[in-house]
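In: Below is the sequence, then the predicted model.
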Amino acid sequence: MKATRFISDLKNINGRVTVEPEGLLATNMRVQLGESLLTVDAKLSDFTDPQLSLDVRGPSVRAQDLVFYSPTAMLRDIDGRLEINRKGLTFSPVNVRLDGGTDASVRGTIEFKRPYPVNLEVASEHALLSEVIGLWTGRSKEKKEDTGEDRSETQTKGQQTPIMISAEVKKGDLYGMKFKNASGVIKPSRKRLIIHPLDFSVGEGYCNAQVITEFQTG
């Protein structure tokens with residue numbers, strides 16, 4: 001089952017579904033998201049205008065099974081809710097952590113209508129900027145060949161898929177520099193990752209910065 005190009009296919013769905021007049025219910029279903037295993041409680045309501053709610057839990061999910069590019073980075077302790085209807089997919093919210101200590105609560109939408117915009121809001125108590133950037137680096141050549149297209153841009157009718165992630169971080173590390181009260185906008189594309197604006201406090205001071213990471217495309 002495929003919801004959007006930014007999230008891997010759901011497959012190997014295993015569980016019991018209860019059929020009710022208003023919809024369908026399922027608890028503790030085992031599903032595979034790309035190569036990642038999840039436990040899901042599902043509720044489908046209103047057969048005439050389907051609304052699907054998925055409460056998802058899992059110890060680990062590969063970054064590239066979600067909206068990211070890295071074939072090696074992992075998201076840990078996934079716990080949250082996804083809402084899906086004809087218009088798109090909503091994170092409401094989904095909580096994760098990364099191996100280096102970054103935590104995140106993700107809200108936002110992925111629309112199903114061209115150009116398939118992705119708009120996410122991330123709140124974090126603590127974040128390592130290098131770890132966040134690592135979610136997009138080291139792109140898998142095999143994955144690009146399998147899909148036949150890049151997930152961050154589409155050439156269909158000359159449209160580019162806009163991806164914008166707004167982030168608020170209470171404290172963190174910027175390549176060895178400790179900061180607090182940071183806010184920024186992450187904009188990944190096929191060739192680079194840009195974080196701008198990026199505002200944060202350091203000690204008694206205040207900084208405005210920009211981070212640009214070029215991807216290797218060869």
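Out: That came through fine.
In: Beyond the helix or strand of the chain with the lowest mean pLDDT, next helix or strand please.
Out: Between all helices and strands in the chain, the lowest mean by mean pLDDT, DSSP states H and E belongs to helix 141-147, at a mean of 41. Sequence order places strand 163-174 as the next helix or strand after helix 141-147, per DSSP states H and E.
In: got a list of contacts for that following strand?
Out: Strand 163-174 is contacted from outside by 67, 102, 108, 117-130, 152, 178-189, 200, 209, using CB atoms under 8 Å, 6 or more residues apart in numbering. All C-beta spots, glycine's among them, are computed from the backbone N, C-alpha and C.
In: Please apply the same query to stretch 40-56.
Out: The contact list for stretch 40-56 (CB under 8 Å, 6+ apart) reads 15, 17, 22-31, 38-39, 57, 78-86, 94.
In: Pull out the buried residues from it.
Out: Neighbour-count burial for stretch 40-56 flags 40-44, 52-54, 56 (criterion: 16 or more other CB atoms under 10 Å).
In: before we move on, back to that, of the contacts of strand 163-174, select the buried ones using a PyMOL command.
Out: The buried subset of the contacts of strand 163-174, as determined by 16+ other CB under 10 Å, is captured in PyMOL by this line:
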select buried, resi 67+102+108+118+120+121+122+123+124+126+127+128+129+152+179+182+184+186+188+189+200
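In: out of the contacts of strand 163-174, which are inside strands?
Out: The strands, defined by DSSP state E, take in 108, 118-128, 178-188, 200, 209 from the contacts of strand 163-174.
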